[in-house]
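**Q** compute the structure for the input listed below.
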Amino acid sequence: EVQLVESGGDMVHPGGSLRLSCAASGFTFSTYGMSWVRQAPGKGPEWVSAITFVSSDTYYADSVKGRFTTSRDNAKNTLYLQMNSLKPEDTALYYCARVIAGLGYDYWGQGTQVTVSS
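**A** As a prediction, this is how the structure comes out:
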């Protein structure tokens, strides 16, 4: 059974940092691209970042570029999102998702809440 379990969400002040983790199980993690997607209250899902499985190339939404870093540890079957210089507009439920090339996502985690507030 495919499982994705996010953790690391918290409440932080503007300018703070957090590192989210996504523990994957039930599939060969190293052979799938992965993404982070977030959803703020009252808004639709927003793609945040992606990382390929071949060369771990990374891609970011303009809204987080230069502040967030996605990485993966295939030995630990874990995806990470390092978030720096957090802003109130980063407040959202953050999900990791397994990528199916050309089709989107087929599995999601349950999400972890990030709240940025003074």
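**Q** ignoring the adjacent residues along the chain, who's closest to the residue nearest the centre of the chain?
**A** For the chain, the residue nearest the mean C-alpha position is residue 36 (2.9 Å; CA atoms, centre = their mean). Spatial nearest neighbour of residue 36, excluding adjacent residues (CB to CB, 6 or more residues apart in numbering): residue 48 at 4.2 Å. Quick note: C-beta positions are derived from backbone N, CA and C, even for glycine.
**Q** for that neighbour, give me its contacts.
**A** 35, 36, 37, 38, 60, 61, 64, 68, 81, 94 (CB atoms under 8 Å, 6 or more residues apart in numbering).
**Q** by neighbour count, which of those residues wins?
**A** residue 36 (27 neighbours; other CB atoms under 10 Å).
**Q** helix or strand: which one has residue 21?
**A** strand 18-25 (DSSP states H and E).
**Q** report the buried residues of that strand.
**A** Across strand 18-25, burial judged by 16 or more other CB atoms under 10 Å covers 18, 20, 21, 22, 23, 24.
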